[in-house]
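Participant: output the structure for:
(chains A and B)
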Amino acid sequence: DTEVTQTPKHLVMGMTNKKSLKCEQHMGHRAMYWYKQKAKKPPELMFVYSYEKLSINESVPSRFSPECPNSSLLNLHLHALQPEDSALYLCASSQADRGETQYFGPGTRLLVL
Amino acid sequence: AQSVTQPDIHITVSEGASLELRCNYSYGATPYLFWYVQSPGQGLQLLLKYFSGDTLVQGIKGFEAEFKRSQSSFNLRKPSVHWSDAAEYFCAVYTGTASKLTFGTGTRLQVTL
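Facilitator: Numbering: from 1, shown residues only, chains lettered A, B, ... in the order given. Below you'll find the predicted structure:
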């Protein structure tokens, strides 16, 4: 089973709201990733967690706050977002973070009003 | 820094025709190479990957790709395209230098009946 699940599928939020995106995998993978994808563009890496520790932060604004409560779960907490943050947010996981195949979830479509 | 080029932004083929999507990378050593497919509003699905060994790799849905070191290419092929293959295709490379997956800009495939 190579499934990564993400909830919610869609999210609409105002600029003053606080919301969270959730990602889960049960493949025993020890690396998990958040990507942001704008329309007609490739995914852009935001964060990498390796063995539940943040290993890469691609200079993402602090209004995005990742959290890895355990090896199966990855959250992305959102606060005071801007309309330009509207995008598809993809989660991925891999055995480790040394080039192993990344498996992607279906994404959360976020609209910031 | 490594880079990935997908020269064709948009390709249209007739159903039943053959397909080749081009991918070139820039990196000193042999990177890990991937092809992903993304249907509208969906996550990325892995089609195939190359790490080492046989330079012709088979993937899912009847796709194959050939690694050519001399041309720094990893082109994706399918002998007979089906209407359901219409989607966005991303080539990606992983190198230890950047410790992350670098995506090409994508090729949108349209299939005419």
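
Participant: just the CA coordinates for the helix or strand bottoming out on mean pLDDT in chain B, please, in PDB.
Facilitator: One helix or strand of chain B scores below all others by mean pLDDT, DSSP states H and E: strand B:100-103, with a mean of 90. Extracted C-alpha coordinates of strand B:100-103, given in PDB (Å, rounded to 0.1, in the frame of the first residue of the first chain):
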ATOM      1  CA  LYS B 100      15.600  17.400  -2.400                       C
ATOM      2  CA  LEU B 101      13.600  16.600  -5.500                       C
ATOM      3  CA  THR B 102      13.800  19.100  -8.300                       C
ATOM      4  CA  PHE B 103      10.900  19.200 -10.700                       C
END
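
Participant: helix or strand next in line after that strand, which one?
Facilitator: Per DSSP states H and E, strand B:100-103 leads on to strand B:107-112 as the next helix or strand towards the C-terminus.

Participant: can you pull out the low-pLDDT segments for the chain?
Facilitator: No chain specified, so I'll use chain A. A:1-2 (pLDDT under 70).

Participant: please refer instead to chain B.
Facilitator: Looking at chain B by pLDDT under 70, you get B:97-98.

Participant: so what's the residue in it that chain A sits nearest to up against?
Facilitator: Chain B approaches chain A most closely through residue B:103 (3.6 Å), counting by Cβ to the nearest Cβ. The C-beta positions use only the backbone N, C-alpha and C, and glycine is treated the same way. By Cβ atoms under 8 Å, 6 or more residues apart in numbering or on different chains, residue B:103 lies in contact with A:42-43, B:4, B:90-92.
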